[in-house]
Structures are given as structure tokens and as C-alpha cells.
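> Need the 3D shape of this:
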Amino acid sequence: MGLQLGQTAPDFVAQTTEGAIRFHEWIGDSWAVLFSHPKDFTPICTTELGSVAKLSPEFERRNVKLIGLSVDSVDDHYQWLDDIEETQGARPNYPIIADADLNVSKLYGMLEADAEGDAASRCAMDNRTVRSVFVIDPDKRIRLITMYPMQTGRNFTEMLRAVDSIQLTTRHPVATPASWQPGEDVMINLMVSDEKAKVLYGEFKAPKPYIRIIPQPA
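Numbering: from 1, shown residues only. Have a look, this model is predicted:
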């Protein structure tokens, strides 16, 4: 069985474009977004790393550290960074893990445990399942997992929105409805009784007993 929400994110030691890290130590007291790619010098992934680079100030403002992963060497990563900057207009300012031995990809269930071969011997199709995003909280728990097919670029603005929701619902016993955006109304968690909800938030709108709407708390 693969990783599940609420589990502790596996720790590991790896080489990155910013030197060696131990993952849990690197996260520290921050949140983290780990996002993976099947191969350097691939078109969709190039646009994704550029997109994340442009959004990195917004993630930083939310106390979120970004870290990429690709099943290639650090030397290849450095060359790829030049291409990303040239074609996307932004250079990633976050580390990229060199998972040439496939260790992290296997640890996080992105490749089968019996996958073999080094990065140089594998093509993007071999690694096509290495297209995941993991949002990890300061307690090192996994709070969100997504996996995309190779041909579909990921929307990291949506990942930012999801982080906003996860952080808000960690601070307050509320839930965010479909397509919610920061500042919009939220719903009171079903685990909170009406009496407790009135103590916490005062009056609320309730078109149905299980739909209790309040302004977003600070």
C-alpha cells in the first residue's frame, strides 16, 4: 500500500542542487511541497519548474519550502536550470533532488520497489509515474498527495490554493467548499456542535443542518 494522508513523510538523505540534505531536518519548522519529475530536459516539466519559480515568493510568504525531484544527476540539473531560465523567464531558487539511484522515488511510492537501472539508462517513459506532489506539514505529516500523467502539466496555483485551505483548516475547525478562494466564506466542521460553533463564531447561516456557513476566520 502506498503512502496515505496523515502518515509521516519518509525521511531520507539526498544530494540536491544546493548540497546534501536530510529531508526532515531540511523542512525544520516549515511546511514543504515536494514535487517530482520523470526526467530532466523534458518539455512539460520545464514549464512546471518555471511556474513554481515564479510562485516561490507566495509559497515563502506562507512558510512553505519548495523542493523538486528528478531522476537525474546534479550535473544534469544544473544544465537544466539554465534551460528553464532561458525558456520560462525564471530560474528555480529552490533545491532539486538528484534521485539517480531511484531511492526517493521508491520510498514515496512513485516507482515500483523492483525498479532498477540508473538515471542514464532510463527514459522519461520508464519514470512516467514520477509525477507527484506531496504537501507536508511542520510535524512531517503528509497532508496532500496528487499524481498527474506525463502529458498534463500541473497547476501550481491550485497547489497554492490547497495550501491556503490546509493551513486555514489546521488553525480552525472549518472546511473550505468547492473552488474556495482565500477570503471567501467557509463551513464549520461537522465535528463541532451547534452550541460550540456559536461559542466560537457566533451566529451562522445554516441552509441545511449539515451546511453551516461563516466568514473565513483570521
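> Pull out the buried positions in stretch 28-48.
By neighbour count, with 16 or more other CB atoms under 10 Å as the criterion, the buried positions of stretch 28-48 are 31-40, 42, 44-46, 48. For glycine as for every other residue, the C-beta is placed from the backbone atoms N, C-alpha and C.
> Now, those residues that are in helices?
Those of the buried residues of stretch 28-48 mapping onto helices are Ile44, Cys45, Thr46, Glu48, per DSSP state H.
> looking at the protein, which helix or strand is least sure?
Lowest mean confidence among the helices and strands of the chain (mean pLDDT, DSSP states H and E): helix 103-107, at a mean of 92.
> helix or strand right after it?
The helix or strand immediately downstream of helix 103-107 is strand 132-136, counting by DSSP states H and E.
> Leaving out chain neighbours, which residue sits closest to Thr16?
Nearest non-adjacent residue to Thr16, counting by CB to CB, 6 or more residues apart in numbering: Pro95, 3.8 Å away.
> Just the CA atoms of stretch 177-196, as PDB, please.
Extracted in PDB, the C-alpha atoms of stretch 177-196 (Å, rounded to 0.1, in the frame of the first residue of the first chain):
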ATOM      1  CA  PRO A 177     -16.100  24.400  -0.100                       C
ATOM      2  CA  ALA A 178     -15.600  23.600  -3.800                       C
ATOM      3  CA  SER A 179     -13.400  26.200  -5.600                       C
ATOM      4  CA  TRP A 180     -13.000  28.200  -2.400                       C
ATOM      5  CA  GLN A 181     -10.600  31.100  -2.600                       C
ATOM      6  CA  PRO A 182      -8.900  32.900   0.400                       C
ATOM      7  CA  GLY A 183     -11.300  35.400   1.900                       C
ATOM      8  CA  GLU A 184     -14.500  33.600   0.900                       C
ATOM      9  CA  ASP A 185     -17.000  32.000   3.300                       C
ATOM     10  CA  VAL A 186     -16.100  28.600   4.800                       C
ATOM     11  CA  MET A 187     -18.100  25.900   6.500                       C
ATOM     12  CA  ILE A 188     -18.000  24.800  10.100                       C
ATOM     13  CA  ASN A 189     -16.500  21.300  10.600                       C
ATOM     14  CA  LEU A 190     -19.100  18.600  11.200                       C
ATOM     15  CA  MET A 191     -17.300  17.500  14.400                       C
ATOM     16  CA  VAL A 192     -18.200  20.900  16.000                       C
ATOM     17  CA  SER A 193     -21.700  21.000  17.700                       C
ATOM     18  CA  ASP A 194     -24.000  23.900  17.100                       C
ATOM     19  CA  GLU A 195     -23.500  25.000  20.700                       C
ATOM     20  CA  LYS A 196     -19.700  25.000  20.300                       C
END
